[in-house]
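Chemist: fold the stuff below for me.
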Amino acid sequence: MVWLYLLLALAAFAVALKSTSIALSVLCLLAALGFLLATVLGVLARRIGSQSRDESLILDPAELRRLREQAQARRAAAGSEPPPA
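Modeler: Below you'll find the model as predicted:
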């Protein structure tokens, strides 16, 4: 779909250059600008989407709380032991 926007932008530029009407040229240049903007935003959205993490790997609050409690228990157990000689 992104490449279609780019082709439409090029077509709008071509019409703007071949047109003898100022109003049609301005309208085509604005359309070309809009299609170019849509192309850039589409490419950026695709790139950001491909680099995002998998949502299934994110810990839920209950799992995070359980891991935190385990770490605190380990620290408490390590603190009560005498230091090695």
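Chemist: hang on, Cys28 packs against Lys18?
Modeler: No: here Cys28 lies out of contact with Lys18, judged by Cβ atoms under 8 Å, at a distance of 9.3 Å. Where you see a C-beta, it was placed from the backbone N, CA and C, and this is true even at glycine.
Chemist: following the helix ranked longest in the chain, which helix or strand comes up?
Modeler: Among the segments of the chain that qualify as a helix by DSSP state H, the longest is helix 22-51. Once the chain leaves helix 22-51, the next helix or strand it forms, by DSSP states H and E, is helix 61-80.
Chemist: quick check: buried residues in that next one?
Modeler: Within helix 61-80, not a single residue qualifies as buried, counting by 16 or more other Cβ atoms under 10 Å.
Chemist: and it, average pLDDT?
Modeler: Helix 61-80 carries an average pLDDT of 89.
Chemist: before we move on, back to that, neighbour-wise, which of Cys28 and Lys18 wins?
Modeler: Neighbours around Cys28 and Lys18, counted as other Cβ atoms under 10 Å, are more numerous at Cys28. The numbers are 21 against 10.
Chemist: ok, so what distance separates that one from Ile22?
Modeler: Here Cys28 is placed at a distance of 11 Å from Ile22 (Cβ to Cβ, to the nearest Å).
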